[in-house]
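Give me the fold of what follows.
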Amino acid sequence: MGREGFWIHRALTEKGIINVPVDPASIQVDRRQKRAKTDRMDAERLVRQLIRYWAGEHGVWSVVRVPEEQAEDARHLHRDMEMLKHERTQHRLRIQSLLFTQGIDMTVNSRFADQLERLGRWDGQPICEQLKARLKREYERLRAVEAELRQLRRQQNEEIKRSESPALHKVRLLQQLCGIGMESSWLFVMEMFGWRRFNNRREVAGAIGLTPTPYQSGDSHREQGISHSGNRRVRAMSVEIAWCWLRRQPQSGLSQWFQQRFATAGARMRKIGIVAMARRLMIDLWRYLEKGIIPPGARLKAV
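Just a heads-up that it's a prediction; the model follows:
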């Protein structure tokens, strides 16, 4: 999705125009160092590729799955929380950095406003007035961000308790598994499982960007790592939850598989292994939500 979002696609569809939204990165281009490029040439190239697509060559480009407006709107809550957490970290680090320029090393907490009045510099002298005023303003911004975060968390919890929508039902299902909480279950459903429909496990891995990218040319054979072409939020969270799964679900089939293959390996191999485990875990979660198949050996939370 670019800057315009999906409104152009919806507007064309509403007028009865058949529209095929595609991933710009999948459009084929000439790989020569110097190539002629004009708007007319680009349009003609797109038309030729569109003809090939309608002729049955669906691999000519990647078609984007357009979510329903309600599903797209449901993303804003956790994405707003993501931005607020980033801002909270920025404010805290900025306060700590300003204090460190005066030889003061401290953690910013709820008592910071009272502590600020008693703080002394490296030489025991009080902090200069302009710096103190700036620290107070920065702390007020931090408090405002934290207040908004608390409000959004309350809204999230209320929706989980009251709403009977299919998406939030899936959120509650994921939270029944040990090792998966509110943040991860909400993100997995709202970004992917709540509105995307997958036909097989390869589509699940491809949507996250956890598919391998082998390179083979003549006698050269090497693996280039994962594609990184899917949803970056789900991909990052899936790796984080994979580490958590090892701690909270040590008797599960996935954890046993990881321990057998990567536990005694070096740090680099464990990082590679956790990505492979994240791919398998997301496939198991998809099967759990769509078919009710609990991941092998996984424990459910006590009710």
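
Let me see the ranges of the helices in the stretch 101-250 of the chain.
In the stretch 101-250 of the chain, the helices defined using DSSP state H, counting those that start in this stretch lie at 112-118, 129-162, 166-175, 182-188, 201-208, 232-248.

Deepest in the core, which of these is it.
helix 182-188 (a mean of 22; mean count of other Cβ atoms under 10 Å). Where C-beta positions appear, they are placed from N, C-alpha and C, glycine not excepted.

Measure how far that helix is from the centre of its chain, please.
10 Å (Cα atoms, centre = their mean, to the nearest Å).

go on, stretch 241-255?
Going by Cα atoms, centre = their mean, where stretch 241-255 is centred and where its chain is centred differ by 20 Å.

Look at residue 1 and report its pLDDT.
With respect to pLDDT, residue 1 scores 54.

show me what contacts residue 96?
105, 106, 107, 108 (Cβ atoms under 8 Å, 6 or more residues apart in numbering).

thinking the second one is in contact with residue 98, fair?
By that I understand residue 106. No: Residue 106 lies out of contact with residue 98 (Cβ atoms under 8 Å); the separation is 11.2 Å.

Of these two, give the one with the bigger neighbour count.
Remark: of residue 106 and residue 98, residue 98 carries more neighbours, 16 against 13, as counted by other Cβ atoms under 10 Å.

Quick check: chain neighbours aside, which residue is closest to the more buried one?
Nearest residue to residue 98, sequence neighbours excluded (Cβ to Cβ, 6 or more residues apart in numbering): residue 135, at 6.0 Å.

so how far is residue 128 from that neighbour?
10 Å (Cβ to Cβ, to the nearest Å).

Quick one: residues contacting residue 131.
Contacts of residue 131 (Cβ under 8 Å, 6+ apart): 98, 102.

how far away is it from residue 114?
17 Å.

Over to residue 80?
30 Å.

Got phi/psi on residue 298?
Here is the backbone geometry of residue 298 (degrees, to the nearest 10): phi -80, psi 150.

List the contacts of the residue lying closest to it once chain neighbours are set aside.
Nearest non-adjacent residue to residue 298, counting by Cβ to Cβ, 6+ apart: residue 252, 4.8 Å away. Residues near residue 252 by Cβ under 8 Å, 6+ apart: 245, 295, 296, 297, 298, 299.

and what of residue 20?
50, 53, 63.

Can you get me a residue count around the last one?
Pointing back at residue 63 there. Residue 63 has 13 nearby residues by other Cβ under 10 Å.

what's the answer for the first one, then?
A count of neighbours around residue 50, defined by other Cβ under 10 Å, yields 14.

ok, now residue 104?
Neighbour tally, residue 104, other Cβ under 10 Å: 15.

before we move on, what about residue 8?
By other Cβ under 10 Å, the burial measure for residue 8, its neighbour count, is 12.

Name the SS class of it, please.
Recorded secondary structure, residue 8: helix (DSSP: H, G, I helix; E, B strand; the rest coil).

domains in this protein, as residue ranges please.
Residue ranges for the domains of the chain, per automatic domain parsing: 7-60, 72-162, 171-291.

Figure out the length between the terminal residues of the shortest one.
This points to domain 7-60. One end of domain 7-60 sits 24 Å from the other (Cα to Cα, to the nearest Å).
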